[in-house]
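1. What follows is a protein structure lacking sequence information:
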Ligand SMILES: Nc1ncnc2c1ncn2[C@@H]1O[C@H](COP(=O)(O)OP(=O)(O)O)[C@@H](O)[C@H]1O
Ligand SMILES: [Mg+2]
């Protein structure tokens, strides 16, 4: 693998790392396997790209993506907590609806951003040389997201959110609504996933209605790799793990491609990887 | 302070499996009462506490706590005034969180949740003080994840969490039944200590007749969804297990069917 490959993997790992942090919140903190993310990632990209074509400041377009993603999470939360639809199905329903919504938002299946002002063109124009421009920007964003998330998860509400996924009975006994906490967690999770989508869209120079396929599996792979490599002793360490996991995941994909694997086989490979990691604890136990 | 009127809870109503778990119960609990509840398996003891705690809607009747009708309130809303400890020592704590994080949730219970830090120096001091009282050395292990504690330690922590915010009512459902005998005794002593110290009105289900007689100031016996005896402090003082079993047989017309209870006689 040459240097430019490595840099690209690192950049992708960082941009998708924010998505992985979102998946970490739903999957690990809330214990809610949320498939909404396959729709909220392209939603973020779509909202941001559409607003860029309309001339909006690229940073503000990220904010809009965050809000849109939060709304998507709220819909899944509503389906699950109010209409009592099972978590998986709630996510699938929102994800499916988002496919149509994303097409509406974009007005067509694909919006190219070549020549448009993006956060990446902004930092390039500041005169920071490649590859530091992209890396610097992505690192600033993901570190900021990580620190805010760490802080939030150590507030009173953050504690309640964490306990909701861990032991809902306990959280009800503490006088807290598990439904509100699930809602909150799904909003934050999908807001992050959409932010990631917006970043990825601006980074790769286009938004595409199909760019979300397999997001959940990539997110899970990142979360699990992070747990294996870095551990989960505390929230701060776990979130570092998720980011590292995302980077390692993108590296392994690059390596697989470099070794001559067909790009179309990647999703299968990722799924197998996740299956292996998810089943390792069980297999280890069985062998004992 | 707690008034239950004509309470009725029917499971699987209108089906062949219809099951009247609570059959028109009236119960008035006075401020500071510590009531022990005994009864055979399936008598409706747990269902009574669950109804009070708002776990499920009831078919009939009213539950008034401090002049407030809580009959239709959901579980988490009732919990703002009610502390609970379950039989399962794993039920009351969050295993992946630390002792201090768990306790923090219990201490914040009386306030609305906010974006303030979950932990502070001040909060930790309060926690240490409380943990020192339960005398398990947990005050030195604030940052230990709760999943690493033993069942007894977890139950002690749960008990502390259920009482630390001074609930109006404490509901204990066989909360020592899953512990080994020595640990169970510790938790019982701790229960008496915490309840007396804060003068918390308490309902405690137990399968241990001896405890039911020794602990608390009032004893209730349930059978078939009804309260068959409500024994005040004066009479309770000279109760014996034999008398209690006799009384049961008179009303029930048969032997006591709670295996665990007989074993612990
Ligand atoms: N959640 C429930 N759903 C259906 N039936 C229940 C439920 N809880 C209790 N019951 C039934 O109600 C009756 C009383 O149960 P319970 O209150 O648990 O008895 P106890 O605690 O006195 O042993 C039993 O017949 C039991 O099977
Ligand atoms: Mg019971």
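-> That came through, no problem. This one's a predicted model, so the numbers in the text were calculated from it and none came from an experiment. Ligands and ions are numbered 1, 2, ... in the order given.
2. okay, CA-based contacts and neighbour counts for the rest of this
-> Fine.
3. what about the closest residue to residue B:176 other than its chain neighbours, which SS state?
-> Nearest residue to residue B:176 in three dimensions, chain neighbours excluded: residue B:184, at 5.1 Å (C-alpha to C-alpha, 6 or more residues apart in numbering or on different chains). The local conformation at residue B:184, judged by DSSP: H, G, I helix; E, B strand; the rest coil, is helix.
4. which residues in chain A form strands?
-> With strands called from DSSP state E, chain A shows them at A:110-112, A:206-208.
5. Which among these is found nearest to ligand 1?
-> Taking C-alpha to the nearest ligand atom, strand A:206-208 is the member of the strands of chain A nearest to ligand 1, at 48.6 Å.
6. ranges for the helices of the chain?
-> All of this refers to chain A. Assigned by DSSP state H, chain A shows helices spanning A:3-23, A:37-53, A:58-81, A:87-106, A:119-125, A:132-152, A:156-166, A:168-173, A:178-204, A:215-229, A:235-258, A:266-287.
7. oops, I was thinking of chain B
-> B:45-52, B:75-78, B:99-107, B:121-134, B:151-163, B:181-198, B:209-214, B:233-237, B:241-252, B:259-263.
8. which stretches of the chain have low pLDDT?
-> No chain specified, so I'll use chain A. Residue ranges of chain A with pLDDT under 70: A:1.
9. my bad, chain B
-> B:256-265.
10. one step back: which of the helices of chain A sits most buried?
-> For the helices of chain A, the largest average neighbour count (mean count of other C-alpha atoms under 10 Å in any protein chain shown) is found in helix A:37-53, namely a mean of 30.
11. angle of that one against helix A:3-23?
-> Angle, helix A:37-53 to helix A:3-23, by axes from the mean of the first three to the mean of the last three C-alpha atoms, to 10 degrees: 110 degrees.
12. which helices and strands does helix A:37-53 pack with?
-> With contacts taken as 3 or more C-alpha pairs under 8 Å, 6 or more residues apart in numbering or on different chains; DSSP states H and E, helix A:37-53 sits against helix A:58-81, helix A:87-106, strand A:110-112, helix A:178-204, strand A:206-208, helix A:215-229.
13. circling back to that earlier point, looking at the helices of chain B, which is nearest to ligand 1?
-> Per C-alpha to the nearest ligand atom, nearest to ligand 1 of those: helix B:45-52, 3.6 Å.
14. Are there helices or strands packed against the closest one, and which ones?
-> Counting by 3+ C-alpha pairs under 8 Å, 6+ apart, helix B:45-52 packs on strand B:19-29, strand B:34-39, strand B:169-173.
15. what residues does stretch A:216-225 touch?
-> A:17, A:19-21, A:23-24, A:27, A:34-35, A:37-38, A:241-249, A:270-271, A:273-274, A:277-278 (C-alpha atoms under 8 Å, 6 or more residues apart in numbering or on different chains).
16. Next one: the closest residue to residue B:57 other than its chain neighbours from residue B:1, what distance?
-> Nearest residue to residue B:57 in three dimensions, chain neighbours excluded: residue B:72, at 6.5 Å (C-alpha to C-alpha, 6+ apart). Distance of residue B:72 to residue B:1, computed by C-alpha to C-alpha, to the nearest Å: 18 Å.
17. Likewise for residue B:216?
-> Distance of residue B:216 to residue B:1, given as C-alpha to C-alpha: 17 Å.
18. For the two, indicate the residue with more neighbours.
-> Taking neighbours as other C-alpha atoms under 10 Å in any protein chain shown, residue B:216 and residue B:1 compare with residue B:216 leading, 22 against 17.
19. Report the contact partners of that one.
-> Listed by C-alpha under 8 Å, 6+ apart, the contact set of residue B:216 reads B:33-36.
20. and what of residue A:52?
-> Residue A:52 makes contact with A:58, A:61, A:113, A:116-118, according to C-alpha under 8 Å, 6+ apart.
21. Return the member of these nearest to residue B:193.
-> Closest to residue B:193 out of the contacts of residue A:52 is residue A:61 (58.9 Å), distances taken as C-alpha to C-alpha.
22. Identify the residues contacting that closest one.
-> Residue A:61 sits next to A:47-49, A:51-52, A:198 when contact means C-alpha under 8 Å, 6+ apart.
23. related to what we said a few turns ago, how about the helices of chain A in TSV, adding distance to residue B:226?
-> Converted to TSV, the helices of chain A look like this (distance: least, C-alpha to C-alpha, whole Å):
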stretch	distance to residue B:226
helix A:3-23	49
helix A:37-53	51
helix A:58-81	35
helix A:87-106	39
helix A:119-125	70
helix A:132-152	48
helix A:156-166	35
helix A:168-173	26
helix A:178-204	33
helix A:215-229	52
helix A:235-258	49
helix A:266-287	47
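24. mind checking which of the ones you listed is nearest ligand 1?
-> Nearest to ligand 1, of all the helices of chain A, is helix A:168-173, at 14.3 Å by C-alpha to the nearest ligand atom.
25. quick revisit: which one of the contacts of residue B:216 is nearest residue B:123?
-> Set against residue B:123, the nearest of the contacts of residue B:216 by C-alpha to C-alpha is residue B:34 (29.3 Å).
26. That closest one contacts residue B:205, doesn't it?
-> No. At 10.9 Å, residue B:34 and residue B:205 do not qualify as touching, with contact defined as C-alpha atoms under 8 Å.
27. returning to that earlier point: next, work out how far apart the residue nearest to residue B:176 and residue B:87 are.
-> With C-alpha to C-alpha as the criterion, residue B:184 and residue B:87 are 11 Å apart.
28. Between those two, which contacts overlap?
-> With C-alpha under 8 Å, 6+ apart as the test, residue B:184 and residue B:87 both reach B:176-177.
29. For the residue in the stretch 1-150 of chain A that chain B sits nearest to, give me its contacts.
-> Using C-alpha to the nearest C-alpha, the closest approach of the stretch 1-150 of chain A to chain B is made by residue A:29 at 9.9 Å. For residue A:29, the contact set (C-alpha under 8 Å, 6+ apart) comprises A:161-162, A:164-166.
30. Can you sort out which of those also neighbour chain B?
-> Contacts with chain B within these, counted by C-alpha under 8 Å from any C-alpha of the partner chain: A:162, A:166.
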